[in-house]
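Trainee: What shape does this take:
(2 chains)
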Protein chains: 2
Amino acid sequence: MDGAKDEYAADISSIREAHERIQPFIHRTPVLASQTLDSMAGVRLAFKCECFQKGGAFKFRGACNAIFSLSDEQASKGVVTHSSGNHAAALSFAAQMRGIPAYIVVPNNAPKCKVENVIRYGGQVIWSEPTMQSRESTASKVLQDTGAVLVHPYNNPLVISGQGTVALELLDQAPQLDTIIVPISGGGLISGVALAGKAINPAIRVIAAEPKGADDAARSKAAGRIVTLPETNTIADGLRAFLGDLTWPVVRDLVDGFVTVEDGEIVEAMKLCYEILKVAVEPSGAIGLAAVLSDGFRNNPAWKDCEDVGIVISGGNVDLGVLWDALKS
Amino acid sequence: MDGAKDEYAADISSIREAHERIQPFIHRTPVLASQTLDSMAGVRLAFKCECFQKGGAFKFRGACNAIFSLSDEQASKGVVTHSSGNHAAALSFAAQMRGIPAYIVVPNNAPKCKVENVIRYGGQVIWSEPTMQSRESTASKVLQDTGAVLVHPYNNPLVISGQGTVALELLDQAPQLDTIIVPISGGGLISGVALAGKAINPAIRVIAAEPKGADDAARSKAAGRIVTLPETNTIADGLRAFLGDLTWPVVRDLVDGFVTVEDGEIVEAMKLCYEILKVAVEPSGAIGLAAVLSDGFRNNPAWKDCEDVGIVISGGNVDLGVLWDALKS
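Mentor: Numbering: from 1, shown residues only, chains lettered A, B, ... in the order given. As a prediction, this is how the structure comes out:
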């Protein structure tokens, strides 16, 4: 990994620094196991439960790293972001801990529980239309008005380093892992996990799990360049973003493969998380389990010798009614 | 605690022995924290999540201790129990690990997911009527037919010692606790927790949480003798049993107080467990949180100096539909 920092937005040093910085504020989330799910998957599984992270998702790690890296002068004007939800809540929570304002541009179709989280943690909600254009232009206006610092949900070196701390902890808690499956959206989490994971164990496989209805990252990997989609269609509301210029090089070089799954498989995995693991998991968070149980994973000869598979459960912010509707249908 | 073993069915030595015996088989369950719930309760909370235990409840600890204490000759004939559910699944699972049969007498009104757990873990289901008389007579017949060993759900020294291992782990994970709140039904869990907890920290308070519709243990404590009820009426299907002659002396002498709560408070606590802690918790498992949030706890001057409160989340086996119906109503 020598010189990696030159190529990529983060490296093992910046990730370890992030861990030092955020450790007083984050939860070291537990790793859960289930013999029943091991039997279903045909491999041993270790679930890194970021649903138990503060704010209910891994996003708090990156947000915390970004916020506590600000100078006092920068911090005094606050932070701003546009986000599908978990990053917004995380940024609000971390800003509250530092005692600075967080301005959150939220699309007006965001899940109710995620908006409630923003408000719970003292974030100031500014509504936008659900298009990326409206979200970005609204955020720009807030930036101009307040002088706050923009903290992008994933295309930000400090955020990527913060998310990478998931892998530091996971490989300390479960050093036997030969594979880690990570949900992919904008690529912040998987970039951090791949950079940390491969620095600690160069042989480890990092596999991206992506919804079929928002498979821009898998298409990007296949095409060798960032591909976006005219629209996305998936229950996994946290996995609808596209790669950024800081996450794409890591995904291009260090992600060993993709598993894409149907929404029905995600819902089934949510149900298993609830009934077997006893954990409330949002659709985006359940996709890793959906992937390891899918034919796309099991029938791929490249992964037939996977034995110890880490699954990052990225978040648990799901309206109970939404879960119930999904399970009934 | 000198000579405690003479007075009570277990002591710190038998509980430590139990932990040695069962450690290879059980999960060391994590302790979760939530600033949001701390704010609501006005104290710091540490949730010992036995919903993540094998079989989905603390019951696996006692069952495992009983099964792996059997001689080979005893074990060869298998074990039998009548149970409201979680003990049955736990005994089946532990028996499966030892490779011996488990005969489970199940009342025909037991929750579906609990019966499914028994079957999943290889237990042989024998149905009875939901009265204690029918359950005991059916179990007696199985005992006669098979020569199996009866493992009572709570009135058994090995089971009490096994359940006490919850406190060994909790006070290792959260040594700052000044109070532990434990659900009470037959008294196996709270007996083990009180015996272990007070041996480790004589100043620690052990408080029982009980549904108002099945408050036999609170009435027993008040009366100074075991009180039973003609019927029980609570959503907490795991908390309908009455104290036994082995658990009563411990409850009488070592439990510092009771908090009784309404079913509505239990349902609200289940909802908070799901939405804030991100954990699937059955009604019996949520009662500790219900208790710490209740007026009965908060307004009791005896407990006004509680600062660090451990909550034992005893189990997570809840049908999702049942949870949803309860939350809607």
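Trainee: Identify each buried residue in stretch A:176-191, please.
Mentor: For stretch A:176-191, a neighbour-count test (16 or more other CB atoms under 10 Å in any protein chain shown) marks A:177-191 as buried. (C-beta placed from N, C-alpha, C; glycine too.)
Trainee: Check the average confidence over stretch A:19-29, would you?
Mentor: Across stretch A:19-29, the average pLDDT comes to 98.
Trainee: First-to-last residue distance for that stretch?
Mentor: One end of stretch A:19-29 sits 13 Å from the other (CA to CA, to the nearest Å).
Trainee: next one: stretch A:123-132
Mentor: Terminal-residue distance, stretch A:123-132 (CA to CA): 20 Å.
Trainee: mind saving the C-alpha coords of stretch A:38-49 as CSV?
Mentor: Extracted as CSV, the C-alpha positions of stretch A:38-49 are listed here (Å, rounded to 0.1, in the frame of the first residue of the first chain):
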residue,chain,number,x,y,z
ASP,A,38,-24.5,-20.1,8.5
SER,A,39,-26.3,-23.3,7.5
MET,A,40,-28.4,-21.4,5.0
ALA,A,41,-25.4,-19.6,3.5
GLY,A,42,-23.1,-22.6,3.5
VAL,A,43,-20.3,-20.4,5.0
ARG,A,44,-19.5,-19.0,8.4
LEU,A,45,-20.9,-15.4,8.7
ALA,A,46,-19.9,-12.6,10.9
PHE,A,47,-22.3,-9.7,11.0
LYS,A,48,-20.8,-6.3,11.7
CYS,A,49,-23.9,-4.5,13.1
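Trainee: about what we covered before: show me which pair in the buried residues of stretch A:176-191 is furthest apart.
Mentor: A:178 and A:186 (26.3 Å; CB to CB).
Trainee: picking up where we left off before, strands - which of the buried residues of stretch A:176-191 land there?
Mentor: A:179, A:180, A:181, A:182, A:183 (DSSP state E).
Trainee: Who are the contact partners of the closest residue to the second one other than its chain neighbours?
Mentor: Looking back up the chat, that one is residue A:180. Once flanking residues are discounted, residue A:180 sits nearest to residue A:310: 4.2 Å by CB to CB, 6 or more residues apart in numbering or on different chains. Neighbouring residues of residue A:310 by CB atoms under 8 Å, 6 or more residues apart in numbering or on different chains: A:31, A:45, A:46, A:47, A:48, A:170, A:174, A:177, A:179, A:180, A:181.
Trainee: The helix or strand residue A:310 falls within vs strand A:179-183, what angle?
Mentor: For residue A:310, the element it lies in under DSSP states H and E is strand A:308-313. Orientation of strand A:308-313 against strand A:179-183 (axes from the mean of the first three to the mean of the last three CA atoms, to 10 degrees) gives an angle of 20 degrees.
Trainee: Using PDB, list the CA coordinates for strand A:308-313.
Mentor: C-alpha atoms of strand A:308-313 as PDB (Å, rounded to 0.1, in the frame of the first residue of the first chain):
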ATOM      1  CA  ASP A 308     -15.500 -16.900   6.600                       C
ATOM      2  CA  VAL A 309     -17.500 -14.000   5.300                       C
ATOM      3  CA  GLY A 310     -18.000 -10.700   7.000                       C
ATOM      4  CA  ILE A 311     -21.300  -8.900   6.300                       C
ATOM      5  CA  VAL A 312     -21.500  -5.200   7.000                       C
ATOM      6  CA  ILE A 313     -25.100  -4.500   8.200                       C
END
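Trainee: what does the model give the closest residue to residue A:244 other than its chain neighbours for pLDDT?
Mentor: What sits nearest to residue A:244 in space, not counting adjacent residues and going by CB to CB, 6+ apart, is residue A:155, at 3.0 Å. We have a pLDDT of 96 for residue A:155.
Trainee: I'd like to know how far residue A:155 sits from chain B.
Mentor: 27 Å (CB to the nearest CB, to the nearest Å).
Trainee: Now for that residue: which residues touch it?
Mentor: Shown in contact with residue A:155 (CB under 8 Å, 6+ apart): A:186, A:188, A:244, A:245, A:246, A:247.
Trainee: Now intersect those residues with the helices, please.
Mentor: Cross-referencing the contacts of residue A:155 against helices under DSSP state H gives residue A:188.
Trainee: In chain A, which helix is the longest?
Mentor: Chain A, longest helix under DSSP H: helix A:157-173.
Trainee: Name the residues of that helix that are buried.
Mentor: A:157-171.
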